[in-house]
Every structure is written in structure tokens, then in C-alpha cells.
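[1] turn this into a model:
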Amino acid sequence: MVTYRAPRAPRAHGKRIVSAAARREIERIEQLLSGSEPGPVGDAALAERERTWAALQSVEQRQPSLQLEVLRDGEP
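    Numbers count the residues shown, from 1 in each chain. You can find the predicted model right below:
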């Protein structure tokens, strides 16, 4: 016997909210692609990609720092 299962809403697996820095970079790249300004080529393109990747990683992987108080022996 076949059991009917109602369709489910699609799930957004693996999709993340785009950060403000990533959104600005996307807009900049879209401007380069749609504009008449020539983009980087060769080694300059690889260096730009590496700078962009490093900047995005530093924003996304940032961890807050803990403020720890160090008490010395004999001090309250």
C-alpha cells in the first residue's frame, strides 16, 4: 500500500547569511564584471583573490577575546 506524504518546504542546507563585508565585495565584483573598467589579470588577479579571501576569513573567523583578571597571591 502506498502512503501519501505531503510535500515539505525546501530547506536551505548549507546556506549562510552573507556578511556586510562579503556583500560589499560582491557588489564590487559585480561592478567590475558589468563595467567597462578592466579587471585584474594573471598574478594580479591571484593576489587580489588571496587578499579578498584573507579579508573575508578574518571577518568570518574572528573570535571574541576573554577579559581575564589575574589575581596575585595575597591580593584580594
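[2] and the strands in this structure?
    With DSSP state E as the criterion, the chain has no strands.
[3] which elements pack onto the top helix by length along it?
    Looking across the chain with DSSP state H, the single longest helix is helix 43-60. Where contact means 3 or more Cβ pairs under 8 Å, 6 or more residues apart in numbering; DSSP states H and E, helix 43-60 is packed against helix 20-34. The C-beta positions use only the backbone N, C-alpha and C, and glycine is treated the same way.
[4] let me see the residues that make contact with the helix it packs on.
    18, 37, 39, 52, 55, 56, 59 (Cβ atoms under 8 Å, 6 or more residues apart in numbering).
[5] can you say which of those are buried?
    With burial judged by 16 or more other Cβ atoms under 10 Å, the buried subset of the contacts of helix 20-34 is empty.
[6] about what we covered before: what angle sits between the longest helix of the chain and helix 20-34?
    160 degrees (axes from the mean of the first three to the mean of the last three Cα atoms, to 10 degrees).
[7] any chance of TSV for the contacts of helix 20-34, columns distance to residue 46 and pLDDT?
    Shown next, in TSV, are the contacts of helix 20-34 (distance: Cβ to Cβ, whole Å; pLDDT from 0 to 100):
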residue	distance to residue 46	pLDDT
18	24	81
37	19	69
39	12	73
52	11	89
55	15	87
56	16	85
59	21	77
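[8] how about those residues, which pair is most distant?
    Using Cβ to Cβ, these span at most 25.3 Å, a distance reached by 37 and 59.
[9] how far is the longest helix of the chain from where the chain is centred?
    Distance of helix 43-60 from the chain centroid (Cα atoms, centre = their mean, to the nearest Å) equals 11 Å.
[10] re the thing from before, including distance to residue 8, could the contacts of helix 20-34 go into a markdown table?
    Shown next, in a markdown table, are the contacts of helix 20-34 (distance: Cβ to Cβ, whole Å):
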| residue | distance to residue 8 |
| --- | --- |
| 18 | 25 |
| 37 | 45 |
| 39 | 42 |
| 52 | 37 |
| 55 | 38 |
| 56 | 33 |
| 59 | 34 |
